[in-house]
Structure formats: C-alpha cells, structure tokens
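K.L.:
give me a 3D structure for the following:
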Amino acid sequence: MIKVEINSVEFFVQPNMSVLEACKYVGIHVPRFCYHETLSVAGNCRMCLVEIGNSPKPVASCALPILNNMKIFVDTPLVKKARENVIELLLLNHPLDCPICDQAGECDLQDQTKQFGSNHHRFFFTRRGVEDKNCGSLIKTIMTRCIHCTRCVRFSSEIAGVDFFGTLNRGTSTEIGSYTVKSFNSEISGNVIDLCPVGALTSKPYAFKARPWEARISESLDITDSTGSNIYVNFKESEIIRVLPKINNQINLNLISDKTRFSYDNNSFNRLISLKDNHDSLKNWSGIIPELEALLSNKKVSFLLDSSLDLDSLLYLKLLANKNKNLSLHSFSDSYKKSSNIFVNWLLNKIEDLHSTSKICFIISSNIRFESSIINAKLRLKFSKENINFFNLGLKYKSNFELNFVNLSLSNLLLFFEGKNKILSKFFLKFKNPIFCVGENLDSRGLSIITINNFLKQLQPSSIVLGILKNSNSYGLRYTNIGIFDKNSILSSSVIVCINLKETLSLSSLLSSFKKMDIENKVFWLNTHDTRSLNKSLIDYKIPLLSEYEEEQLHINLEGRIQKTSKVLSGIGDSRSLKQLLKILYNNSFSTTNEADFYTELLLSPKKFNKNFKLLSNLLIKDYYGATDLFNFYPIKSVLEDFYLSTKSTKFSKIMSQCSQDFRKSITNF
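P.N.:
Prediction:
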C-alpha cells in the first residue's frame with residue numbers, strides 16, 4: 001500500500017493503479033467518457049482531468065500512474081473550468097435531439113453536462129453531420145451524436161476480436177466507422193450499446209419502445225446457454241422491452257451474449273396459450289390432472305425431456321420415476337447414445353479459475369464462440385494479456401484469437417488423455433494449471449465430461465476443467481441421472497409426454513414411428529410454445545406451460561453454481577407451472593406433502609439418482625473397442641452450427657431468426 005493525498009485527505013491505496021482508479025478505490029468519483037474498466041486506456045476525452053501538486057496544468061487521471069505521497073485535487077476551480085471547456089467542445093457538433101434519443105435518461109453526456117457544463121456556448125457555425133453506418137439487425141447508429149470516445153473501437157478489437165469499428169480521417173473530419181464493407185459479426189456485439197456513453201449506438205429492437213423511467217426492473221438469469229450469465233430484465237406493463245447485463249465478476253463480468261440480450265421476444269411469439277384445442281375432457285386443468293394420474297397408474301409412460309428444464313421439475317420427475325416402474329425418463333437429443341457414467345459428487349472448476357496463471361489451454365470438441373461466448377471472451381482477454389498457447393482438438397472453425405487446430409480421432413484423443421500422445425501430452429504434463437474446455441459432443445460419443453474431469457484431475461491435479469454444455473440446465477440433468485436415451489423403450493410405451501422440447505427432425509421421426517405402431521398411442525405436448533414444424537396429427541394434447549420469465553426456476557450452470565430466475569411477468573392464458581403440476585401428481589400418487597422427502601431419499605438411496613463413475617481407463621474394454629460411436633473416424637466437432645438458433649427459446653425469437661439470416665449473407669455498410 002502507498003500513501004496518497006486526495007483533496008487534502010490522506011488515503012492508502014494499492015500500487016500499480018492510475019490516479020482515476022485510486023480515486024474510485026477510495027470512493028471519489030471522477031467524471032470520464034473514454035475510460036472503461038474492461039478496456040485499455042485511451043486518454044482522449046480529457047474529461048477526467050485532475051490537478052496534481054507541483055504540476056503547471058491539469059493532467060488526465062486515467063493515464064497517470066499513482067505515486068507515493070502524490071497530492072491530487074479533483075474539484076479545484078481550475079479542474080472545474082477545464083471540465084466545462086471539455087463539455088463545450090463535445091457539444092459543438094452534438095445534435096440537440098434528447099427528446100427523441102433512446103439514450104435520454106441514462107446518458108452520461110446528459111448527466112455530466114448538467115453537472116459540469118455551462119449554460120452558454122461560444123460556437124455559432126453550422127453543426128457537422130455524419131452518415132449513419134449499418135451494423136446489422138441489432139445495433140442502431142446515429143453517428144452525428146458520436147463524441148469519439150473510441151470505446152466501441154477498443155471493444156471490437158480487444159474483447160470481441162472483430163476489427164469492425166475504427167477511427168477514420170483526422171481533426172474536425174474524424175468519425176467512427178468500419179474499414180471495409182461488412183457487418184459486425186460477433187456473438188457479443190450488443191455490448192457496445194452499454195459501452196457507448198451517448199446515443200450514437202443504441203438497440204434497434206428497443207428503439208422508441210419506452211423511456212428508462214417507465215421501465216420496471218427485475219434481476220434474473222440467462223438460460224440460453226450453460227454459462228448462467230446474470231441479467232436485468234426491463235419490462236413495461238406486460239411486455240419485456242430489453243435485457244441488460246448484471247455485473248458478476250465471478251461469471252460474466254459486465255458482458256452478455258446477443259442471444260441473451262435480444263431473444264426476449266420469444267416470450268410473446270407463437271406461445272401455446274389455450275387448452276381449447278384439446279379433447280373435451282382436457283379443455284381445462286380440472287380434467288388434465290385426473291387424466292394424467294390415470295395414465296401414470298395404468299399405462300407405460302415415457303417422458304422426453306430437454307436439458308433446459310428447471311431443476312425442481314427434474315427432481316419431481318425423478319421422484320415419480322423412482323416410485324413408478326412404468327414411468328421412464330429420457331433426455332432427448334439428436335444423438336441417441338448417451339453416457340451413463342455419472343457421479344453426483346464431482347469437483348468442478350469455477351469460471352474465475354480461468355484467471356489463474358496458465359501457459360496452455362485445450363479446447364476439445366467445442367466451437368466455444370458459439371457454445372459459450374462469455375467463456376470465449378474471457379479466453380481472448382487471457383490470450384491478449386498473457387503468453388499462453390491454445391490448442392483446439394476438433395474441427396476447425398473461425399476463431400477470434402490464435403488457435404492451433406489438431407483434428408484427432410476419438411481413439412487418439414483417449415491416448416492424449418492418458419499421456420500417450422508423443423506431441424500433445426508433453427504440453428499437458430509439463431505445465432501447471434492446464435485449462436481444458438470440453439464440449440458436449442463427447443457425451444454423445446460415449447465419454448462423460450464428468451468422467452474426463454475426474455480422470456484428468458488424477459493425472460494432473462492442478463488441471464482446470466470446464467464442461468461447455470449446450471443448454472442451461474445440462475448439469476442438472478446429469479445431477480439427477482437423466483441422461484440415457486433408449487429408443488426401443490420409448491417405442492414400447494403407450495404414452496409419450498414431450499416436455500419443453502425443441503422441434504427437430506429426429507423428434508418428428510420418433511413420434512411418427514410411435515404413432516404408426518398403435519393408433520391408441522397418445523402424445524402429450526407440454527411446452528411454452530406451440531409446434532410449427534411437427535405434423536399436427538402427431539400431437540394429441542397440447543398443454544401450455546409458464547416460461548422462464550413467468551416463474552422462478554433453478555438452473556445449474558457449467559461450474560455447478562445453482563442460480564434462480566425471477567418471476568417478471570404473469571402467465572399467459574391457460575399456462576401453468578410444470579413443477580406445480582408434477583408436485584400435485586406426486587403428492588396425489590404417494591400421499592407425500594413434504595418437499596424435503598427428495599433430499600431424504602437422495603441420502604438414503606443415492607444409487608437411484610446416480611451411478612458410480614468409471615475411470616477413463618476402465619472404458620477401454622471389449623464393448624467399447626467394438627463400439628462404432630467411440631472408435632470410428634467421424635470428426636470431433638461442435639454440437640452447434642447456428643449460434644442464433646441453438647435453443648428452443650431462441651428458435652421462436654423473430655430477432656434471432658433475422659440475425660441468423662444476416663449471418664449467412666453479406667451486408668453493405670455504406
């Protein structure tokens with residue numbers, strides 16, 4: 001700690017800080033436009049000028065390192081006059097359109113002009129105009145408002161890894177634009193909206209919808225991927241108007257992906273609202289519950305689940321399956337073979353462990369840009385600041401930082417894990433704290449991520465292993481041991497209950513085969529959204545459910561952290577909570593009213609919920625040597641091909657559909 005004097009008061013602060021950071025550290029606010037905590041220092045707005053003892057003129061506090069016994073003054077008349085002049089210069093060409101600006105009410109320029117600006121100006125000439133740029137379907141630009149803080153330039157270059165924005169021309173002709181004719185193709189491009197201190201970059205979907213003081217706010221959770229980013233949901237009356245990031249340094253910093261920010265419109269599009277389309281006995285909830293109870297007691301029922309299903313619903317389904325032998329649970333995906341090597345008490349690494357000192361990182365079977373854009377942004381920041389080597393063991397994709405691609409077969413990958421690969425294994429065993437980001441594709445090939453995690457920890461205890469899974473509660477699915485898809489078992493059932501599923505060709509084929517086997521077979525569709533691609537003749541009953549914005553839900557993210565969404569809106573139409581429905585079915589069937597029974601059963605009969613994990617070396621047995629899924633030469637690749645349409649919720653978003661189209665075509669900026 002070093003001693004400094006700020007406004008004639010002594011403080012002790014950390015060394016290796018700037019003057020602005022030292023003032024922030026002790027709770028003294030210094031105004032700024034170009035400075036941001038996650039970006040490099042530019043020092044070009046000059047709003048953070050302060051007076052230093054024995055200095056003849058004000059200095060930029062963001063670029064000045066702190067020194068021992070330094071005397072700093074942040075509110076002297078000289079500093080106040082300098083800030084007033086800076087505000088006057090920034091307003092020379094800035095349009096007076098605050099009444100129609102979407103940034104009004106939360107604009108840094110407005111706030112600082114009110115606090116530090118003057119009530120007159122000395123400029124009487126024509127204001128300069130700048131042509132707006134086309135950044136795609138998400139970002140609205142009015143470049144005349146730009147004050148050239150270059151936050152967007154530094155963000156696109158340093159964090160997004162896409163050199164889209166740049167500074168063009170010089171002097172009074174300076175403007176922010178793109179060097180080439182292209183769109184801003186980045187999975188986290190929407191964060192420049194939060195970074196822009198004025199209304200030059202705003203949200204297109206949010207334009208002219210509401211003012212900040214009209215919107216109500218609620219904390220919630222992102223469920224579009226397994227990262228579990230923390231978010232704020234802004235809503236007006238019964239409509240969600242935007243989603244903003246909530247700062248969480250342990251998970252997502254102040255970043256969220258474009259899926260998280262802009263897919264909120266799925267909550268009102270193609271929703272399953274009414275029960276009127278069903279059979280006479282199932283046109284209201286008083287008829288649905290007895291019907292389901294009768295089916296569970298008399299028929300063989302298969303539940304098809306999606307890995308975005310909340311944890312409470314999974315627990316009640318597991319309790320029902322434990323008590324009822326005619327009931328089976330299946331995690332549905334395009335891959336029919338799932339690993340059963342699941343263990344509850346695994347030791348997962350935290351996302352913040354990525355900040356540890358490491359010289360090597362392996363990305364396995366994952367396009368991490370698509371599967372977890374926040375983790376990808378953290379790895380890019382690590383790449384730009386540290387000397388670290390990255391290897392991707394899988395198919396090549398377009399990365400935004402330097403990756404060494406090595407396309408291994410699955411058998412060679414096992415040799416690498418066991419330290420028998422002559423080239424790659426030496427990197428793994430040589431360095432401390434090696435980072436492994438393992439994709440979900442290995443699960444469908446017979447290797448559980450949890451098994452790999454335990455095995456790598458035995459070889460190198462300092463290994464940092466993160467399982468990059470596709471959906472928000474994929475680890476919750478593994479926690480309850482619902483991970484095996486048995487097609488024969490499903491087709492031998494009399495009833496299929498599809499819960500929260502995404503429509504796929506595999507699902508359509510399965511339901512078609514099921515209906516052809518017996519005309520008496522019944523299919524229940526429990527979902528927040530109606531079907532679009534599935535044949536209506538395949539679905540007998542449609543039951544609407546509450547969405548993640550309409551009830552509290554628990555989800556386990558990729559580091560094993562349990563988080564909860566918030567109830568933001570009321571339910572639409574006849575939609576009801578799935579976990580409440582399952583709770584009623586469980587209590588009516590087994591006369592149990594205590595929710596703690598699940599945890600009691602978990603402690604007394606853990607084998608019902610998990611199976612003892614096997615070491616990776618135990619997998620190399622005759623059954624696996626002959627398994628075509630494990631030792632064939634199919635490439636190890638990502639489970640996602642389209643970032644914007646990766647989950648059920650994003651598939652029903654009009655904004656995400658437009659982004660998916662834009663991603664496939666070139667866009668002209670000028």
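
K.L.:
which residues of the stretch 101-250 of the chain score low on pLDDT?
P.N.:
By pLDDT under 70, the stretch 101-250 of the chain has no low-scoring segment.

K.L.:
helices of the stretch 101-250 of the chain, start to end?
P.N.:
108-116, 151-158, 191-195 (DSSP state H, counting those that start in this stretch).

K.L.:
who are the packing partners of the second one?
P.N.:
Contact analysis of helix 151-158 by 3 or more C-beta pairs under 8 Å, 6 or more residues apart in numbering; DSSP states H and E lists strand 165-168, helix 191-195 as its packing neighbours. Where C-beta positions appear, they are placed from N, C-alpha and C, glycine not excepted.

K.L.:
E10 in helix, strand or coil?
P.N.:
Using DSSP: H, G, I helix; E, B strand; the rest coil, the secondary structure recorded for E10 is strand.

K.L.:
what's the burial count for it?
P.N.:
Residues near E10, counting by other C-beta atoms under 10 Å, number 9.

K.L.:
what's opposite it in the beta bridge?
P.N.:
E5 (DSSP bridges).

K.L.:
isn't it right up against V4?
P.N.:
Yes - counting by C-beta atoms under 8 Å, V4 is a contact partner of E10 at 7.5 Å.

K.L.:
correct me, but Q250 touches E352?
P.N.:
Yes - if you go by C-beta under 8 Å, Q250 and E352 touch, sitting 5.0 Å apart.

K.L.:
which among the helices of the stretch 101-250 of the chain is found nearest to N322?
P.N.:
helix 191-195 (44.4 Å; C-beta to C-beta).

K.L.:
and the residue nearest to S537 when sequence neighbours are not counted, which of the three is it?
P.N.:
Counting by C-beta to C-beta, 6 or more residues apart in numbering, K515 is the residue found nearest to S537 once chain neighbours are left out, at 7.5 Å. What three-state DSSP gives for K515 is helix.

K.L.:
for K515, what are its contacts?
P.N.:
N521, V523, S537, L538 (C-beta atoms under 8 Å, 6 or more residues apart in numbering).

K.L.:
now for these, which pair is the farthest apart?
P.N.:
Largest separation among the contacts of K515 by C-beta to C-beta: N521 and S537, giving 12.2 Å.

K.L.:
for these two, indicate the residue with more neighbours.
P.N.:
Neighbour count, other C-beta under 10 Å: between N521 and S537, N521 has more, with 17 against 10.

K.L.:
thought that one was touching I496?
P.N.:
Yes - under the criterion of C-beta under 8 Å, N521 makes contact with I496 at 7.5 Å.

K.L.:
mutual contacts of those two, please.
P.N.:
Residues touching both N521 and I496 (C-beta under 8 Å, 6+ apart) are F514.

K.L.:
and this protein, what are its domains?
P.N.:
2-90, 98-204, 280-332+485-544+577-608, 351-476+614-639 (automatic domain parsing).

K.L.:
so which of the ones you listed is nearest S229?
P.N.:
Closest approach to S229 among those is made by domain 351-476+614-639 (6.0 Å; C-beta to C-beta).

K.L.:
related to what we said a few turns ago, from the contacts of K515, which is closest to R128?
P.N.:
Closest approach to R128 among these (C-beta to C-beta): L538, at 61.1 Å.

K.L.:
tell me the contacts of the closest one?
P.N.:
By C-beta under 8 Å, 6+ apart, the contact set of L538 is S508, L511, S512, K515, V523.

K.L.:
hmm, try it at 6 Å
P.N.:
L511, K515 (C-beta atoms under 6 Å, 6 or more residues apart in numbering).

K.L.:
from S649, how far out is it?
P.N.:
According to C-beta to C-beta, to the nearest Å, L538 and S649 sit 22 Å apart.

K.L.:
do the same with K426
P.N.:
K426 sits 43 Å away from S649, going by C-beta to C-beta.
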